[in-house]
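S.K.: Quick one, fold the following:
(4 chains)
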There are 2 protein chains.
Amino acid sequence: MEKKNTELPPGCKVSITGLKDVQDIMGGKWKYRIVAALYFVGKMRFMDLKRHIDDVAPKVLSKELKDLEMNQLVTRTVCSTKPITVEYALTALGESMQGFIQSMADWGVQYRHTVIKKPVGNTLRISG
Amino acid sequence: MEKKNTELPPGCKVSITGLKDVQDIMGGKWKYRIVAALYFVGKMRFMDLKRHIDDVAPKVLSKELKDLEMNQLVTRTVCSTKPITVEYALTALGESMQGFIQSMADWGVQYRHTVIKKPVGNTLRISG
DNA sequence: CTGCATCCACCGTGATACTG
DNA sequence: CAGTATCACGGTGGATGCAG
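M.R.: Numbering: from 1, shown residues only, chains lettered A, B, ... in the order given. Okay, the predicted model is just below:
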């Protein structure tokens, strides 16, 4: 099995594997928004989350949450209330993403300022 | 035009717009790897890049590069050599992404350690 | 309220072959 | 060498309806 020359220089510190893992875990259109919402708002029920996040289709939200739960970034708690409700919350692991998510968002804001030159709005809404 | 309740708490510092911008710009399967390769290896020709990055199909690599160029993250320089060659390099803007890309990759490595519990390899190849 | 089932349209990705 | 053309395929996201 022939190895191709895919080596990076010795000083290289970035892990492509790490990048790919993150892309797998956070793939899809909504995961970053879900995590951000849960981080800043705290645990939420399904419909609250849905309303916060641009009215994503329930099927899609459900799937995204299931993915996040499987990867141990979110917990799902069923409350035995009258009509059943379910609460979602970030795990410690999920919260630990805030660091680079923040960096990413900040870069995006900076990019918008310097390149797109259009306002960010007031950066305080989940949708838009 | 009815506004939905999509407000985040006043202390919120993350910009969803910023996140979406980054997702738009860096969408697709290969862009992070391309940027990482160009960052650590420096300017490269098309085929070199292709070889570095897991032998991605030329059509796909071409498209990704065109996207990155359009968003001013890479430059494309045609060299009038015998058979024409083209060099791709990061712009300052592209290099400025290294910060959060690094954070993201590091988080991914940490995640792999604590959750997947499988080795990262030696983190020094673009593919794999 | 939650979220699954079904159906469907679209796009991203990929293999291969070909042109300048 | 640096791409483009063509074709094919699967996954993702979305609409709607229904079930626990």
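S.K.: Which residues does stretch A:96-107 contact?
M.R.: Stretch A:96-107 is contacted by residues A:32, A:35-36, A:39, A:73, B:13-16, B:18-19, B:22, B:96-97, B:99-100, B:103-104, B:106-107, B:110 when judged by CB atoms under 8 Å, 6 or more residues apart in numbering or on different chains. Using the backbone N, CA and C atoms, a C-beta is placed for each residue, glycine as well.
S.K.: contacting residues for the closest residue to DNA strand D within chain A?
M.R.: Nearest to DNA strand D, among the residues of chain A, is residue A:28, at 3.0 Å (CB to the nearest atom of the strand). Taking CB under 8 Å, 6+ apart as the criterion, residue A:28 is in contact with A:64, A:67.
S.K.: what about it, which SS state?
M.R.: The assignment at residue A:28 comes out as coil when based on DSSP: H, G, I helix; E, B strand; the rest coil.
S.K.: Now the phi/psi pair for residue A:44, please.
M.R.: When read as degrees, to the nearest 10, the backbone of residue A:44 gives phi -140, psi 160.
S.K.: do the same with residue A:75
M.R.: Per degrees, to the nearest 10, the backbone of residue A:75 is at phi -110, psi 150.
S.K.: how far away is it from residue A:30?
M.R.: 18 Å (CB to CB, to the nearest Å).
S.K.: now the strands for chain A?
M.R.: In order along the chain, chain A carries the following strands (DSSP state E): A:44-45, A:74-79, A:85-90.
S.K.: export those strands to TSV and tack on distance to residue A:60 and mean pLDDT?
M.R.: What follows is the strands of chain A, written out as TSV (distance: least, CB to CB, whole Å; pLDDT from 0 to 100):
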stretch	distance to residue A:60	mean pLDDT
strand A:44-45	16	94
strand A:74-79	15	95
strand A:85-90	15	96
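S.K.: In JSON lines, list those along with mean neighbour count.
M.R.: Formatted as JSON lines, the entries for these read as follows, by neighbours: other CB atoms under 10 Å in any protein chain shown:
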{"stretch": "strand A:44-45", "mean neighbour count": "17"}
{"stretch": "strand A:74-79", "mean neighbour count": "14"}
{"stretch": "strand A:85-90", "mean neighbour count": "18"}
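S.K.: of these, which approaches residue B:61 most closely?
M.R.: The closest of those to residue B:61 is strand A:74-79. By CB to CB, the value is 34.5 Å.
S.K.: what lines up beside the closest one in the sheet?
M.R.: According to DSSP bridges, strand A:74-79 has the following sheet partners: strand A:85-90 (antiparallel).
S.K.: For the residue of chain A closest to DNA strand D, grab phi and psi.
M.R.: Here the main-chain torsion angles of residue A:28 (degrees, to the nearest 10) amount to phi 90, psi 170.
S.K.: how much space between it and DNA strand C?
M.R.: Counting by CB to the nearest atom of the strand, to the nearest Å, the gap from residue A:28 to DNA strand C is 12 Å.
S.K.: How about residue A:54?
M.R.: Distance, residue A:54 to DNA strand C, using CB to the nearest atom of the strand: 16 Å.
S.K.: Also residue A:20?
M.R.: When CB to the nearest atom of the strand is the yardstick, residue A:20 and DNA strand C sit 12 Å from each other.
S.K.: need the contact list for that residue.
M.R.: With contacts defined as CB under 8 Å, 6+ apart, residue A:20 is in contact with residue B:108.
S.K.: about what we covered before: now the strands of chain A as TSV including distance to DNA strand D?
M.R.: Putting the strands of chain A into TSV (distance: least, CB to the nearest atom of the strand, whole Å) gives the following:
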stretch	distance to DNA strand D
strand A:44-45	12
strand A:74-79	10
strand A:85-90	9
